[in-house]
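Novice: structure for the following, please:
(chains A and B)
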Amino acid sequence: MNGRAMPVLPPAAEALAARAAVERAQGGAAPRLRLRHGLVLGLLWAGAAMAQDAAGETAFAALMRWAPLLLEGFGFNILISFLAMAFGTGAGAFLGLGQIAPSRGLRAFSVGVTQFFRNAPWLVLLFFCMFLLPFEFVVLGATIPFPDWVKAVIGLALPVMANVSEILRGAVASIPSGQWEAAESLGYTRRQTLWRIILPQCVRRMLPPWMNLYAILTMATVLASIVGVAEMMTLTGRALAAENRADLLLSFYGFVLICFFVYCYPIALLTRRLEARFAVAG
Amino acid sequence: MSAGRTGEVVVSLRDVRKSFGDVEVLRGVSFDVRRGEVVCVIGPSGSGKSTLIRCVNGLAKVNGGSITVMGREVNDPRLDVLALRRSVGMVFQQYNLFPHRTALQNVMMAQVTVLKRPKAEAERVARALIAKVKLEGKEDAYPGELSGGQQQRVAIARSLAMNPEVMLFDEVTAALDPETVKEVLNTIRQLAADGMTCILVTHEMGFAREVADHIYFTDRGVIVEHGPPASFFAEASDPRTREFLGQIL
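Specialist: Numbering: from 1, shown residues only, chains lettered A, B, ... in the order given. As a prediction, this is how the structure comes out:
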């Protein structure tokens, strides 16, 4: 993915400077996404895209040349988000069940791990995975490569795991104790009660916060650019470096924002709709 | 309806004590319930009535004394909890139906999971019991679509599906609208007439007088007075009982 030997800090500086430039140009950090923000962004972007360089090529035309590559990068962001969500959810489910386990030791361990990863900055976790994990594993003579993007998936899966664990614990705690008592008095074991009575009721309650977490994770996948993974932000930075035209910054990074907005906003909408529906039904 | 005081003892309590922290809720309660008997426990709020029947199926652990159900010691650490729970059915004030399952499924689930009955048989039993509590046509309704009284009758059917030897009712009409109280009391009346052994904690004095074989009055963790309803209501002698009945009746 990345040919340079020590790619970590220089791209970080570049990316941060570039992002700061975009934010300065827009007069502040991008706010929480709503449709009207998307429209404003779109207009800003359209304006910037009409700018022309000395040779008369519009920023839009330049963007079109680069768009296939950038979208490929965006596809990579989505892939990272899928994988991190899948691993994070799987591990988080186990950790969440550990948090409500009858065994005191298991419970203390699970609560400790959950709280640790929930209260750690995502970027720091990402750096740790980059530096701590080897670039390949040798298992029984076979070499399994372990590229940066896989490390990024693991780095992002860790906070997802902790958050899913907490979502699960919270959902179980929100089920009235009468459900446990009714099942207990019918002769259900603890395990049967959990799997047949409690958890099925939790799925519905967990869906909105889980989807919300996914949207946050997707937006956080751009952090992988800081550690040199060739996702959309990294590719945008490289494209801009190749073009070396200051007038392209706004439209290129604007394009990145629009891609994420178009992907994340429907998730936010659906989450809100589900929340409203469950609030009525619940 | 009354089996008198002669039948086989199904539930027996001896000097039962239970504390929550420093508060002693039950301070030595003893009584026997015989097969086919309907026993009502009445008394002021906070007198330990609900705790008492929750101890009978092991939902609450006692701190002292002994409870036996069908000869099984509830306090025994080697107790076969499943066998105890199968022989004791319990109905709660808040119904506690499983909201993600239909009425029919609520009545079927435990039969399949706990008793390992084949699905077809469990469904047959469930349909018969739903008919018995007069809820035909509501099989596919979810608890949220049923009235409080209907939910409580499903809860009774759910307990009955386990073929219990004794049924516990913990203030089962306390959360209901006055109109639906009657439906639930009719269901319990029917059960009593069929010879089911029942222990009821209730505030429905009229119902207790009509249906009970024996009434226990508890206050501050002890049984103050007891007797068959006729004599209990007419001749209660303890001042605490008189005061309570004076407020209620």
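Novice: so which strand or helix has the residue positioned nearest the centre of chain B?
Specialist: Centroid-nearest residue in chain B, with C-alpha atoms, centre = their mean: residue B:168, separated by 1.7 Å. Using DSSP states H and E, the element containing residue B:168 is strand B:166-170.
Novice: in chain B, which helix is the longest?
Specialist: helix B:178-193 (DSSP state H).
Novice: and that helix with strand B:166-170, angle?
Specialist: Following axes from the mean of the first three to the mean of the last three C-alpha atoms, to 10 degrees, one obtains 160 degrees for the angle between helix B:178-193 and strand B:166-170.
Novice: name the residues that touch helix B:178-193?
Specialist: B:1, B:38, B:132-134, B:147-150, B:152-153, B:156, B:160, B:167, B:169, B:172-173, B:176, B:198, B:200, B:204, B:207, B:210-211 (C-beta atoms under 8 Å, 6 or more residues apart in numbering or on different chains). Where C-beta positions appear, they are placed from N, C-alpha and C, glycine not excepted.
Novice: ChimeraX command for the buried members of those?
Specialist: The following ChimeraX line selects those of those that are buried, judged by 16 or more other C-beta atoms under 10 Å in any protein chain shown:
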select /B:38,132,133,148,149,150,152,153,156,160,167,169,172,173,176,198,200,204,207,211
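Novice: out of the contacts of helix B:178-193, which are inside helices?
Specialist: For the contacts of helix B:178-193, the ones inside helices are B:132, B:148-150, B:152-153, B:156, B:160, B:207, B:210-211, with DSSP H as the criterion.
Novice: please list all residues in contact with residue B:227.
Specialist: By C-beta under 8 Å, 6+ apart, the residues touching residue B:227 are B:214-215, B:235-236.
Novice: mind doing that once more with 7 Å?
Specialist: By C-beta atoms under 7 Å, 6 or more residues apart in numbering or on different chains, the contact list for residue B:227 reads residue B:215.
Novice: against chain A, how distant is it?
Specialist: Residue B:227 is 29 Å from chain A, where distance means C-beta to the nearest C-beta, to the nearest Å.
Novice: equivalent analysis for residue B:97, please.
Specialist: 8 Å.
Novice: would you mind listing the buried residues in stretch B:80-88?
Specialist: Within stretch B:80-88, the residues that count as buried by 16+ other C-beta under 10 Å are B:84-88.
Novice: what about the helices in chain A?
Specialist: Using DSSP H, helices in chain A cover A:9-26, A:35-49, A:59-99, A:104-118, A:122-132, A:148-174, A:177-185, A:190-192, A:199-220, A:232-243, A:249-281.
Novice: for the least confident helix or strand in chain B by mean pLDDT, C-alpha coordinates in PDB please.
Specialist: Lowest mean confidence among the helices and strands of chain B (mean pLDDT, DSSP states H and E): helix B:239-248, at a mean of 81. Extracted in PDB, the C-alpha atoms of helix B:239-248 (Å, rounded to 0.1, in the frame of the first residue of the first chain):
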ATOM      1  CA  PRO B 239     -56.800  -4.500  67.300                       C
ATOM      2  CA  ARG B 240     -54.400  -4.300  64.300                       C
ATOM      3  CA  THR B 241     -56.700  -6.500  62.300                       C
ATOM      4  CA  ARG B 242     -59.800  -4.500  63.300                       C
ATOM      5  CA  GLU B 243     -58.100  -1.300  62.400                       C
ATOM      6  CA  PHE B 244     -57.100  -2.600  59.000                       C
ATOM      7  CA  LEU B 245     -60.500  -4.100  58.200                       C
ATOM      8  CA  GLY B 246     -62.100  -0.900  59.400                       C
ATOM      9  CA  GLN B 247     -60.100   1.100  56.800                       C
ATOM     10  CA  ILE B 248     -60.700  -1.400  54.000                       C
END
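Novice: rewinding a little: isn't the residue nearest to the centre of chain B right up against residue B:92?
Specialist: No - using C-beta atoms under 7 Å as the test, residue B:168 is too far from residue B:92 to be in contact (9.3 Å).
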